[in-house]
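In: I would like to see how this sequence folds:
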Amino acid sequence: MLFIGLLLLLLLPLLATTRLLWSLWMLRTLHLPPLVPGFLHQLHPNLPFYLLGLTQKFGPIYRLRLGLQEVVVLNSKRTIEEAMVKKWVDFAGRPQITSYKLVSHDNQDLSVGDYSPLWKAQKKLTRSALLLGIRSSMEPVVQQVTQEFCERMRAQAGTLMTIHKEFSLLTCTIICYLTFGDKVQEDSLVHAFHDCIEDLLSTWDHWSIHILDILPFLRFFPNPGLWRLKRVIEKRDHMVKEQLKIHKETLVTGQCRDMTDYMLQGMKKQMVQEGDMGPLLEGHVHMAMVDLFIGGTETTATTLSWTVLFLLHHPEIQQRLQEELDRELGPLASDFCVQYKDRVRLPLLNATIAEVLRLRSSVPLALPHRTTRPSSILGYDIPEGMVVIPNLLGAHFDETVWERPQEFRPERFLESGTGPRELAFGCGARVCLGEPLARLELFVVLTQLLRAFTLLPPAGALPSLQPQLQYGISLQMPHFQVRLQPRGASAPDPGENQ
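Out: Numbering: from 1, shown residues only. Next comes the predicted model:
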């Protein structure tokens with residue numbers, strides 16, 4: 001094994017050079033985007049900001065190499081929408097990289113699955129489960145779980161807390177209820193899924209896994225990070241299979257208790273009408289459930305946490321939000337809750353959510369796309385099979401679209417009803433399927449939280465608004481604490497609870 005490893009290391013430069021020369025030969029007649037020199041760009045901290053900075057020299061679309069892989073990066077709203085909306089079929093693919101294959105169950109994942117008729121059927125089933133299967137129960141569940149969350153927060157009022165952890169457990173609880181229905185009677189089930197998803201995300205984001213996408217042959221070498229990821233995935237799949245087993249044993253045809261019921265029955269209907277694309281299998285339902293937890297827990301919790309952090313820095317906005325809530329919802333003692341369909345009554349809250357999503361997208365580089373056929377962007381040729389990265393941060397900081405884009409100014413979304421919209425959930429065929437649920441959660445949680453509490457920073461300096469310095473594709477929010485003061489209560493002594 002050692003001999004083979006040394007041989008591969010000696011051959012690597014030759015293989016890289018051969019691949020580079022072959023690529024240059026094949027692409028010699030194309031008008032390609034400009035190429036950024038170097039091949040270790042992924043080692044730059046806070047990669048979305050680094051990629052955005054390259055636009056000053058290379059423009060809103062350019063190529064660069066991440067190890068042996070050449071990619072095209074889109075850094076403006078115009079380029080992203082041209083690719084993902086106007087020419088969505090051309091850019092609907094996913095690269096089948098090593099880490100994707102590891103976390104996907106027999107290549108049946110929805111988020112990282114490649115574009116195909118079977119993928120389209122899986123997407124349609126999952127979207128229907130969200131928008132039709134639990135349409136009547138989604139908002140009541142979110143309202144109920146959020147109300148219980150606020151009661152728990154009231155018990156901790158006045159103490160410093162790490163609210164991101166609380167938000168993470170809240171969003172995971174909502175996903176559990178919507179996915180598993182009334183079976184979520186024990187907190188142990190929610191905590192088990194929450195801990196598993198946190199462990200999976202942290203392990204998947206480790207450098208020892210990222211390097212496998214750059215140098216896939218390293219998966220044959222000892223790698224503790226890879227071993228840990230496989231153990232977490234095995235635990236994840238065991239938990240999901242247990243829930244699928246329970247649902248199949250208690251399923252009543254024609255009745256829909258939750259999303260799992262809806263997808264299992266929808267899968268059976270599709271098997272009868274499969275045509276030439278092959279049937280949807282239980283594994284597709286399995287991975288749709290996994291995607292709901294991965295995509296619907298930490299991302300929404302992170303956006304809620306960023307909102308709290310921005311409001312700590314802008315208490316005048318927080319005060320205006322509370323005045324808007326009091327005006328529209330009545331006195332604090334009232335149990336009246338505005339419905340999501342009537343959210344137009346709270347324009348400043350909607351604008352604040354949009355501004356936080358613009359400034360701090362929880363997945364700023366989205367997931368990489370792959371061209372399904374030759375195409376073009378802004379007159380540049382994009383060959384078939386090219387990996388394309390939409391830098392959503394570039395779209396949100398685009399000075400041709402947004403005035404003073406780096407400033408927190410919710411009022412920019414109040415100035416015109418026809419103004420630009422943020423792309424925090426992506427766009428086109430690969431838009432995040434959980435967007436309706438996430439926007440509902442953001443609205444309901446912030447409505448109830450700001451109506452019940454005033455958000456106060458710790459004594460002393462305010463927490464930083466800058467992402468933590470880290471290596472990776474996401475922007476890590478800084479650790480911070482907050483004090484929740486029940487509205488109407490007197491302000492606490494700043495020296496308490498330190």
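In: Tell me, please, where in the stretch 51-200 of the chain the pLDDT is lower than the cut-off.
Out: 182-186 (pLDDT under 70).
In: From the rest of the structure, what touches the strand or helix carrying residue 195?
Out: Here residue 195, judged by DSSP states H and E, is contained in helix 187-204. With contacts defined as C-beta atoms under 8 Å, 6 or more residues apart in numbering, helix 187-204 is touched by 99, 103, 168-169, 172-173, 175-176, 180, 183-184, 209, 225, 228-229, 232-233, 235-236, 239, 293-294, 297-298. Every C-beta, even on glycine, is put in place using the N, C-alpha and C of the backbone.
In: Among those residues, name the ones in helices.
Out: Assigned to helices by DSSP state H, the following of the contacts of helix 187-204 qualify: 99, 103, 168-169, 172-173, 175-176, 180, 209, 225, 228-229, 232-233, 235-236, 239, 293-294, 298.
In: Only whichever of those are buried, select them in PyMOL.
Out: To isolate the buried ones among the ones in helices among the contacts of helix 187-204 in PyMOL, judged by 16 or more other C-beta atoms under 10 Å, type:
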select buried, resi 99+103+168+169+172+173+175+176+180+209+225+228+229+232+233+236+239+293+294+298
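In: Residue 372 versus residue 135, what's the distance?
Out: Separation of residue 135 from residue 372 (C-beta to C-beta, to the nearest Å): 32 Å.
In: Next: residue 445.
Out: For residue 445, the distance to residue 372 - C-beta to C-beta - is 38 Å.
In: Repeat that for residue 483.
Out: 51 Å.
In: And those two? Which one has more around it.
Out: A count of neighbours by other C-beta atoms under 10 Å puts residue 483 above the other of residue 483 and residue 372, at 24 against 17.
In: Look at the nearest residue to that one once chain neighbours are set aside and say how many residues are nearby.
Out: Counting by C-beta to C-beta, 6 or more residues apart in numbering, residue 483 lies nearest to residue 456, which is 4.3 Å off, once chain neighbours are set aside. Residues near residue 456, counting by other C-beta under 10 Å, number 18.
In: Ramachandran angles for residue 456?
Out: Dihedral pair for residue 456: phi -120, psi 140, per degrees, to the nearest 10.
In: Check the contact between it and residue 486; I expect there is one.
Out: No - assessed by C-beta atoms under 8 Å, residue 456 is found out of contact with residue 486, at 11.2 Å.
In: now the strands for the chain?
Out: 61-66, 69-74, 160-161, 369-370, 375-377, 380-382, 387-390, 453-456, 482-486 (DSSP state E).
In: roughly how far out does the first one sit from the chain middle?
Out: To tie it back to what came earlier, the one meant is strand 61-66. Strand 61-66 sits 23 Å away from the centroid of its parent chain (C-alpha atoms, centre = their mean, to the nearest Å).
In: same for that strand, what does it pack against?
Out: strand 69-74 (3 or more C-beta pairs under 8 Å, 6 or more residues apart in numbering; DSSP states H and E).
In: repeat for the fourth one
Out: In terms of contacts (3+ C-beta pairs under 8 Å, 6+ apart), strand 369-370 is packed against strand 387-390.
In: Would you mind listing the buried residues in the strand it packs on?
Out: For strand 387-390, by 16+ other C-beta under 10 Å, it's 387-390.
In: Same question for stretch 135-155.
Out: 137-139, 141-143, 145-146, 149-150, 153.
In: Check stretch 372-381 too.
Out: Neighbour-count burial for stretch 372-381 flags 372, 375, 377, 380 (criterion: 16+ other C-beta under 10 Å).
In: between those, which is nearest residue 305?
Out: Taking C-beta to C-beta as the measure, residue 377 is the one of the buried residues of stretch 372-381 closest to residue 305, at 34.1 Å.
In: Sketch out the low-pLDDT regions of the stretch 351-498 of the chain for me.
Out: Applying pLDDT under 70 to the stretch 351-498 of the chain picks out residues 416-418, 471-472, 489-498.
In: all helices for it, in order.
Out: For the stretch 351-498 of the chain, the helices defined by DSSP state H, counting those that start in this stretch occupy 392-396, 435-452.
In: contacting residues around the first one?
Out: So the one you mean is helix 392-396. By C-beta under 8 Å, 6+ apart, the residues outside helix 392-396 that reach it are 48-49, 51-52, 55, 60, 74-77, 80, 358-359, 361, 363-366, 401-402, 405, 422-424, 426, 475.
In: how about the residue lying closest to residue 422 once chain neighbours are set aside, what does it touch?
Out: Using C-beta to C-beta, 6+ apart and skipping residues adjacent in sequence, the residue nearest residue 422 is residue 358, 4.1 Å away. Contact analysis of residue 358 by C-beta under 8 Å, 6+ apart lists 396, 402, 422, 424.
In: Now distance to residue 246 too, for the buried residues of stretch 372-381, in JSON lines please.
Out: Conversion of the buried residues of stretch 372-381 to JSON lines gives the following (distance: C-beta to C-beta, whole Å):
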{"residue": "372", "distance to residue 246": "38"}
{"residue": "375", "distance to residue 246": "45"}
{"residue": "377", "distance to residue 246": "47"}
{"residue": "380", "distance to residue 246": "52"}
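In: Next, count neighbours for residue 263.
Out: Using other C-beta under 10 Å, residue 263 has 27 other residues around it.
In: I meant to write residue 437 there.
Out: 24.
In: Spit out the contact partners of it.
Out: 130, 138, 142, 174, 178, 296.
In: Kindly report the same for residue 128.
Out: 262, 266.
In: rewinding a little: buried among the contacts of helix 392-396? Need that as a selection in PyMOL.
Out: The following PyMOL line selects those of the contacts of helix 392-396 that are buried, judged by 16+ other C-beta under 10 Å:
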select buried, resi 48+49+51+52+55+60+74+75+76+77+80+358+359+361+363+364+365+366+402+405+422+423+424+426+475
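In: Next, the buried residues of stretch 61-70.
Out: For stretch 61-70, burial by neighbour count (16+ other C-beta under 10 Å) applies to 61-70.
In: Return the closest of those with respect to residue 85.
Out: Distance to residue 85 across the buried residues of stretch 61-70 (C-beta to C-beta) is lowest for residue 61, with 15.5 Å.
In: Which residues are in contact with the closest one?
Out: Residue 61 makes contact with 33, 72-76, 79, 377-378, 380, according to C-beta under 8 Å, 6+ apart.
In: do residue 113 as well
Out: Contacts of residue 113 (C-beta under 8 Å, 6+ apart): 94, 104, 107, 119, 122, 287.
In: want to try TSV for these, with neighbour count and distance to residue 435 as columns?
Out: Output for the contacts of residue 113, formatted as TSV (neighbours: other C-beta atoms under 10 Å; distance: C-beta to C-beta, whole Å):
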residue	neighbour count	distance to residue 435
94	19	18
104	20	22
107	13	24
119	20	18
122	26	17
287	27	19
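In: Take those residues and lay them out in TSV including distance to residue 460.
Out: Formatted as TSV, the contacts of residue 113 follow (distance: C-beta to C-beta, whole Å):
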residue	distance to residue 460
94	46
104	46
107	51
119	51
122	50
287	46
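In: In helices, which of those residues appear?
Out: Judged by DSSP H, the subset of those located in helices is 119, 122, 287.
In: Cool, thanks, signing off.
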